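Asker: structure for the following, please:
(chains A and B)
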Amino acid sequence: MTASTKPGKLAVRAYQVGFGDCLLLSFAYPDRERHVLVDFGSSGLPENAGAGLIKRVANDIADRCHGKLDAVVVSHRHLDHLSGFATSNNPKRPAPGDVIRSLRPAVVVQPWTEDPDAATDATKPTAILHRKLAFVAGLGAMQGFAESLLRELHLLRRTMGKRLADQLAFVGEQNLKNLPAVQNLMTMAQDTQAYVHFGSRSGLESVLPGVKVRVLGPPTVEQSDEIRRERDTDENEFWHLLGADGRAVATRGHGTFRRAASWPAGTVPRHARWFKRRLAAVRSDALLELVRALDEAMNNTSVILLFEAGGKKFLFPGDAQIENWAYALSRPDVCQQLRDVLLYKVGHHGSLNATPKSLWALFRNRSPSPRPGRLQTILSTKAGKHGSSQNKTEVPRKPLVHELQSQSDLFTTQSLSAKTLYRDFEFEL
Amino acid sequence: MATPLSPRTRTLTVIAQDPSVLRPDGNILTARVEVPAERLAPGPWGHRVHVIDYDASTGRLYRPRTDAADRDPYEHVRDASRLLDDPCFHAQNCYAVAMSTLARFERALGRRVSWGFSGHQLKVAPHAFLDANAFYSRRDEALMFGWFHSDTGPVYACLSHDVVAHETTHAVLDGLRERYTDPSSPDQAAFHEGFADVVALLSVFAMPEVVAVALGARPGPRRDVLPRSALTPDALRRSALLGLAEQMGRQLQNVRGAALRRSALLEPDRRLYRAPEYLEPHRRGELLVAAMMNAFVQVWAARLEALREIQRGCLDRERVVQEGADVADRLLTTAIRALDYAPPVDLQFGDYLRGLLAADREDQPDDRRYLCRDALERTFRAYGIDPAAETSAAGRRSWLLRPGGVDVEGTHFASMQHEPDEVFRFVWQNRELLELSDDAYTRVLSVRPCTRVAGDGFVLHETVAEYVQILDLQPDELRSLGIRRPAGMPDDLSVTLYGGGVLVFDEYGRLKLHVSKSVRDAEEQSVRLAYLAAHGGLRGPGARRFSALHRRRNLARIERPAERW
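Answerer: Below you'll find the model as predicted:
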């Protein structure tokens, strides 16, 4: 390989987008820089960030890459990873997604679950194809469920606490279909739309010569089956049932017995009042449980990319949680590759199960004291949006943050002042 | 003329299994179940079960029937839509199945059974929410059944006999053994689910209408007979168990799991009990169900061997059906009565098998007619479940039959039949004999006099009392008791050890049996703590355990607490 086809430096720009991810990777080649945008979204802006933050970030990306992006990676379909790709209907007021589109990325990388041609993939055996389709349909059903949940939330708001209602609304909105952004991404690539899975080509080979990019997740359904135990119930069917229901419950008073006699709204006989309150609480808890489950399922479609250049490794796992990681971590060769990671983008904004302990234990560049070559970690997050300390589910999770602080050079976007848009990290390759 | 006595029971129409199980004429298979006669208020609202039909997803509270709640207006209804579209029928269905399940327990145990909460009336919500879930909640004193849409129309969990019986069994078992929901071991985590499935399925097979449908219609002129070749244990497993499983509503699989199907298809293999994939509570519970349902078909087949043929090589179909229902009923009684011989904490499947054999021996000393005990022991062993030994590996006596040296000085048996304080005095006075820990907090949970008819036809009076011992320890105290501290256990986390026992007194007030788990059994407690540490159970269970457990089954979720921060 000639010197001109190898990058000599990598700059990683971590934007402060609150609860979300936005990272710009700039590989310096002898002829020019090549830029890869990894995720662009937020579901909770930083305090005092002011309106238009996401647009300012988009403009900064455009400036930094001098009007030309080489690739976009969208780890998964959550709002906090793709809201920045949403477009506007008004040409006079372009949205951040219009700005990114104007940068004409050659390649757009997404998980295999986003492949619009999945339904016509006839190269797989029928049973596997059926399950693959069911899986993709299940994801669609989950988003249908999220829509119905938000409608039902209007009915339940009066009976639940504000904190619970806010949690439900936050996670529910996170899982909406985000159609403008999704459609923009489907047609954005100038050359290649890559839909990737564990072990597949990344699609970035053509734009990043001299950089090895391994796809470590998400696994396909066949790969998941290799490590998954036998099961009777079908999660996809379950979501399908609930997703279908999203169309059935839109307004108070509707149900399946339209003509049956019921008490007028607001009138509850005395003997039923206690139980009605209990049942409303049960329902609120169940919705939170369901919405968290679908949030996790969607997180587990995250693309996990391991970049390697000049003998250094950089790991970007999106929001992958242990179920996504399990297949990669079950393979000794992958574990070996992960040992000398130099930069780790902390998974899922620092949640309790997106940096599996078995993954963390692999990193040899961890160290209790500063030294050259110490592991660099980047945590893009905003506290107080997700989970609760009381339930030990707060994001970022305190014990994880403590571990990151004590064993690596931790940067968290929360440490930036309101006026600061980003922090750059440079690595000689 | 003398005034006629009030009837003790009444019959109510229910859906025999679920709306997808049909009669040969295409109508939904219904059945009439017996429930205790009582003065019902609109709901139905009786002395133990109160149906409140509130749907939290739509905010609708359905009005109950107000016309003579004691009547059964559905007795002659054959039109499916009249049953499916009438929420008042759904309410009756729930009430009747819940009450008949409770009554079945009380009949088997010979005593009243309390719920696992302080109130007397279990609330039942037939259309609680839009969700493919159903569960019992102690905290809410209720059974909740979801509903959802399928491609063929709405599906109601409350119309499935096995689902309602399953959830009611959780509520009853919680009243009988309140510590069985504690985090303990893979077996105890699985027992609630497995046992609820066993009771639900045997209740369904105890109805001749269902057995007849499960066996399938036989076309042609010989439809009233069945060939012997179709009545071997294997053939019955395929026809009756799998046959009914095939007919059950597929959409409800997310609510009920597939215990019946699995029990028909799961080939016996002693390695399963130790296999990692059978540590998950629902999967492990299937082993219990498979063992029990296979015992059912084996006993049934054995009973049929003794029957006279009415045509060459053929048996009378109706008789085959009746034998099946009788065997299911008999096994159901044994399955319930075994609880009285099972320790109140840290239950292992082997303890339950030992209880099953003891309960059956007690009721039917002569087993030549049914050969139940042989079948039970054989099928449980075939899935790797052996009867618990009378002495634990650490040398603790867990099964003490008619012990000598019991000190009854100062205790009064008349009081011991209903007074926890009196039983506590007995326990305290005999703590050395019963191998109790002096350090532990000890409490008598229940004292229940029982009256049953024994196999010889005589009325049997017994008293069953249950106590627990609870020991709170700091991690650094474990070693002094010989208990291994789990790897990675935080220093600031105290642990709670449980022990306890069941005392069975005979009709003369003599201690007949003491079944126990010692709080000081170092080996068993070490194993328990290691399991809890690996499965995130050291901090105790969540508030609505059954809701969460059923949800994990819905989502085929594997818990990996060791990977979390």
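Asker: let me know the secondary structure of B:Val33.
Answerer: Following DSSP: H, G, I helix; E, B strand; the rest coil, we place B:Val33 in the strand state.
Asker: what's across from it in the sheet?
Answerer: According to DSSP bridges, B:Leu12 are recorded as the beta-bridge partners of B:Val33.
Asker: for residue 36, give me its contacts.
Answerer: Just so you know, I chose chain A. Neighbouring residues of A:Val36 by C-beta atoms under 8 Å, 6 or more residues apart in numbering or on different chains: A:24-25, A:27, A:69-73, A:204, A:207-208. C-beta coordinates here come from the backbone N, C-alpha and C atoms, glycine included.
Asker: let's do chain B instead
Answerer: Counting by C-beta under 8 Å, 6+ apart, B:Pro36 touches B:8-9, B:99, B:103.
Asker: could you do B:Glu466 as well?
Answerer: Residues in contact with B:Glu466 (C-beta under 8 Å, 6+ apart) are B:177, B:344, B:444-446, B:500-503.
Asker: tell me how far it lies from B:Ala342.
Answerer: Taking C-beta to C-beta, to the nearest Å as the measure, B:Glu466 falls 10 Å from B:Ala342.
Asker: now do B:Arg443
Answerer: Distance of B:Arg443 to B:Ala342, computed by C-beta to C-beta: 18 Å.
Asker: neighbour-wise, which of these two wins?
Answerer: B:Ala342 (24 against 14; other C-beta atoms under 10 Å in any protein chain shown).
Asker: what sits against B:Pro490?
Answerer: Listed by C-beta under 8 Å, 6+ apart, the contact partners of B:Pro490 are B:Pro475.
Asker: what segments of the stretch 51-200 of chain A are helices?
Answerer: For the stretch 51-200 of chain A, applying DSSP state H, counting those that start in this stretch gives helices covering A:53-64, A:79-82, A:96-102, A:126-156, A:162-174, A:179-186.
Asker: quick one: mean pLDDT over the shortest one.
Answerer: Okay, so that is helix A:79-82. When pLDDT is averaged over helix A:79-82, the result is 94.
Asker: packing partners of that helix?
Answerer: Applying 3 or more C-beta pairs under 8 Å, 6 or more residues apart in numbering or on different chains; DSSP states H and E, we find helix A:79-82 packed against strand A:20-28, strand A:33-42, helix A:162-174, helix A:179-186.
Asker: where among these is the average confidence lowest?
Answerer: Taking each of the helices and strands packed on helix A:79-82 in turn, the one with the lowest mean pLDDT is helix A:162-174, at a mean of 75.
Asker: around chain B, which positions in the stretch 301-429 of chain A sit nearby?
Answerer: Proximity of the stretch 301-429 of chain A to chain B, by C-beta under 8 Å from any C-beta of the partner chain, involves residues A:322-323, A:352-353, A:355-358, A:397, A:399-400, A:403.
Asker: pLDDT wise, what is A:Asp333 at?
Answerer: Among the per-residue scores, A:Asp333 shows a pLDDT of 96.
Asker: now the phi/psi pair for it, please.
Answerer: For A:Asp333, the backbone dihedrals (degrees, to the nearest 10) come out as phi -60, psi -40.
Asker: the helices and strands packed on helix A:79-82: which one's closest to B:Ala275?
Answerer: Of all the helices and strands packed on helix A:79-82, helix A:162-174 sits nearest to B:Ala275, with 35.7 Å by C-beta to C-beta.
Asker: the closest one and chain B in contact?
Answerer: No. Helix A:162-174 lies apart from chain B when judged by C-beta under 8 Å from any C-beta; the minimum separation is 13.7 Å.
Asker: got the CA positions of that helix in CSV?
Answerer: The C-alpha trace of helix A:162-174 is given here as CSV (Å, rounded to 0.1, in the frame of the first residue of the first chain):
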residue,chain,number,x,y,z
LYS,A,162,-45.4,13.4,36.5
ARG,A,163,-42.0,11.6,36.7
LEU,A,164,-43.5,8.4,35.4
ALA,A,165,-45.4,10.2,32.7
ASP,A,166,-42.3,12.0,31.6
GLN,A,167,-40.3,8.8,31.4
LEU,A,168,-43.0,7.2,29.3
ALA,A,169,-43.2,10.1,27.0
PHE,A,170,-39.4,10.3,26.6
VAL,A,171,-38.9,6.6,25.8
GLY,A,172,-42.1,6.5,23.7
GLU,A,173,-41.0,9.4,21.5
GLN,A,174,-37.6,8.0,21.2
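Asker: next one: that helix to chain centre, how far?
Answerer: The chain centre lies 17 Å from the centre of helix A:162-174; the measure is C-alpha atoms, centre = their mean, to the nearest Å.
Asker: can you redo the residues of the stretch 301-429 of chain A next to chain B as a markdown table with pLDDT, secondary structure and distance to A:Tyr195?
Answerer: Compiled in a markdown table, these are given as follows (pLDDT from 0 to 100; DSSP: H, G, I helix; E, B strand; the rest coil; distance: C-beta to C-beta, whole Å):
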| residue | pLDDT | secondary structure | distance to A:Tyr195 |
| --- | --- | --- | --- |
| A:Ile322 | 87 | helix | 23 |
| A:Glu323 | 85 | helix | 20 |
| A:Leu352 | 90 | coil | 29 |
| A:Asn353 | 88 | coil | 26 |
| A:Thr355 | 95 | coil | 26 |
| A:Pro356 | 93 | coil | 25 |
| A:Lys357 | 93 | helix | 30 |
| A:Ser358 | 93 | helix | 28 |
| A:Arg397 | 94 | coil | 31 |
| A:Pro399 | 93 | helix | 36 |
| A:Leu400 | 96 | helix | 31 |
| A:Glu403 | 96 | helix | 34 |
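Asker: these, buried ones only, as a PyMOL selection?
Answerer: Selection command for PyMOL covering only the buried members of these, criterion 16 or more other C-beta atoms under 10 Å in any protein chain shown:
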select buried, chain A and resi 322+323+352+353+355+356+357+397+400+403
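Asker: save the residues of the stretch 301-429 of chain A next to chain B as a markdown table, and put in distance to B:Arg402 too.
Answerer: Output for those, formatted as a markdown table (distance: C-beta to C-beta, whole Å):
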| residue | distance to B:Arg402 |
| --- | --- |
| A:Ile322 | 53 |
| A:Glu323 | 54 |
| A:Leu352 | 53 |
| A:Asn353 | 53 |
| A:Thr355 | 59 |
| A:Pro356 | 55 |
| A:Lys357 | 52 |
| A:Ser358 | 53 |
| A:Arg397 | 56 |
| A:Pro399 | 54 |
| A:Leu400 | 58 |
| A:Glu403 | 58 |
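Asker: can you add distance to B:Val519 and give the helices and strands packed on helix A:79-82 back as JSON lines?
Answerer: JSON lines is the format used below for these (distance: least, C-beta to C-beta, whole Å):
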{"stretch": "strand A:20-28", "distance to B:Val519": "50"}
{"stretch": "strand A:33-42", "distance to B:Val519": "53"}
{"stretch": "helix A:162-174", "distance to B:Val519": "39"}
{"stretch": "helix A:179-186", "distance to B:Val519": "58"}
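Asker: shaky segments in chain A?
Answerer: Scanning chain A for pLDDT under 70 picks out the ranges A:1-4, A:118-138, A:155-156, A:158, A:226-255.
Asker: can you list the low-confidence ranges for chain B?
Answerer: Residues of chain B that meet the criterion pLDDT under 70 lie in B:1-6, B:69, B:217-223, B:249-251, B:455, B:536-537, B:539-546, B:549, B:551-562.
Asker: mind listing the strands the longest strand that it contains pairs with, and their directions?
Answerer: Residue-count comparison of every strand in chain B, with assignments taken from DSSP state E, identifies strand B:459-473 as the longest. Strand B:459-473 pairs in its sheet with strand B:441-453 (antiparallel), strand B:495-505 (antiparallel), by DSSP bridges.
Asker: return the most buried member of the ones you listed.
Answerer: Per residue and on average, the most neighbours among the strands paired with strand B:459-473 fall to strand B:495-505, with a mean of 22 (mean count of other C-beta atoms under 10 Å in any protein chain shown).
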